[in-house]
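In: Generate a structure from the sequence data that follows.
(2 chains)
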Amino acid sequence: MMKDENFVITREKADGVTKFAIEGRVNSKNSFTLQRKLEDSLSSGETKIILNMTQVKYLSSEGIRVIINIYKQAEKAGGKLRIEQPSEVVKNVLGLVALNDMLVRK
Amino acid sequence: MKKLVVEASADNLDDVLDFVNEELERHNCPSNLQNQINVAVEEIFVNIVNYAYKPAGGSVAVFVYIYAGEEAVIRFEDTGRPYNPLEHPPPDLGKPLMEREIGGLGIFLARQLMETVVYKYTDDKNVLVMTKKF
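Out: Presented below is the predicted three-dimensional model:
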């Protein structure tokens, strides 16, 4: 677990999928931490990634950039990245950049 | 009108947001709109941090004014190189994700989240004003 004042990422592995539960604000300060954690997973061969964003209270473009970046890397490595249970805030912001359909798990 | 002057550094983002939020809360801005205004403020401030002064440093002035108790008017001023972020082409939202460009998202989001975003270069300053009713 990695803890910032208002930013927590927990990671768990099950059935070949690595799930990250993200809590707090995904802003330009914290998104680098998120990027590092996700890249760690990719580089250890964990290319099937789920981001649980139900506890995310804030998402800015830096966070979206990280998600797109990791999505591309995962796809290229034969894996995939999906978001599950996005909070209203996450859904609204992703909707503005037309990413809900592509990223959010039905 | 309230004014805050800070160094153009990402480390000051929280101070800028605290400053804006204090005014929004004093005027009972609903939390979902406050969140949207915060994202827009972050995008504009980070943009100034990234483009206005590098590699040298400089300062940013942020002004907040609540018009008629129900419209947030937020102005950013810097004396960095002239740069109109609104000229950046919007991202192509019709493209598949693998082909999406990563640049330009922040300004696009700010324009979507606020009602108006206007830029001008005047008196050797970049001036960006954005408004949103609540």
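In: so where do the strands sit in chain A?
Out: Per DSSP state E, chain A carries strands over the ranges A:2-4, A:7-14, A:17-26, A:48-59, A:80-84.
In: Nearest to A:Val66 among those would be which one?
Out: Nearest to A:Val66, of all the strands of chain A, is strand A:17-26, at 7.9 Å by C-beta to C-beta. The C-beta positions use only the backbone N, C-alpha and C, and glycine is treated the same way.
In: Direction included, what does the closest one pair up with?
Out: Strand A:17-26 pairs in its sheet with strand A:7-14 (antiparallel), strand A:48-59 (parallel), by DSSP bridges.
In: if we can go back for a sec, lowest mean pLDDT across the strands of chain A, which one is that?
Out: Lowest mean pLDDT within these: strand A:2-4, a mean of 49.
In: what residues are up against A:Gln35?
Out: By C-beta atoms under 8 Å, 6 or more residues apart in numbering or on different chains, the residues touching A:Gln35 are A:66, A:69-70.
In: Now B:Val117, what are its backbone angles?
Out: The phi/psi pair for B:Val117 (degrees, to the nearest 10) reads phi -140, psi 120.
In: Can you tell me the closest non-neighbouring residue to it?
Out: With sequence-adjacent residues excluded and distances taken as C-beta to C-beta, 6 or more residues apart in numbering or on different chains, B:Val117 is closest to B:Met130, at 4.4 Å.
In: Give me the residues contacting the helix or strand harbouring that neighbour.
Out: Here B:Met130 sits within strand B:125-133, counting by DSSP states H and E. Applying C-beta under 8 Å, 6+ apart, the contact partners of strand B:125-133 are B:33, B:36-37, B:40, B:44, B:48, B:52, B:67, B:70-80, B:82-85, B:110, B:113-121.
In: now do 7 Å
Out: Applying C-beta atoms under 7 Å, 6 or more residues apart in numbering or on different chains, the contact partners of strand B:125-133 are B:33, B:37, B:40, B:44, B:52, B:70-80, B:82-83, B:110, B:114-120.
In: what residues does chain B put near chain A?
Out: Residues of chain B lying near chain A by C-beta under 7 Å from any C-beta of the partner chain: B:10, B:13, B:35, B:38-39, B:42-43, B:46, B:91, B:93, B:97-98, B:100, B:102, B:105-106, B:108-109, B:112.
In: Show me just the buried residues among those.
Out: By neighbour count, with 16 or more other C-beta atoms under 10 Å in any protein chain shown, these hold B:13, B:35, B:38-39, B:42-43, B:46, B:91, B:97, B:100, B:105-106, B:108-109, B:112 as buried.
In: Pick the one among these closest to A:Ser44.
Out: Nearest to A:Ser44 among these, with distances taken as C-beta to C-beta, is B:Leu97, at 23.5 Å.
In: any idea what sits nearest the closest one, other than its immediate chain neighbours?
Out: That would be A:Met102: by C-beta to C-beta, 6+ apart, it lies 4.7 Å from B:Leu97.
In: Cool, thanks, talk later.
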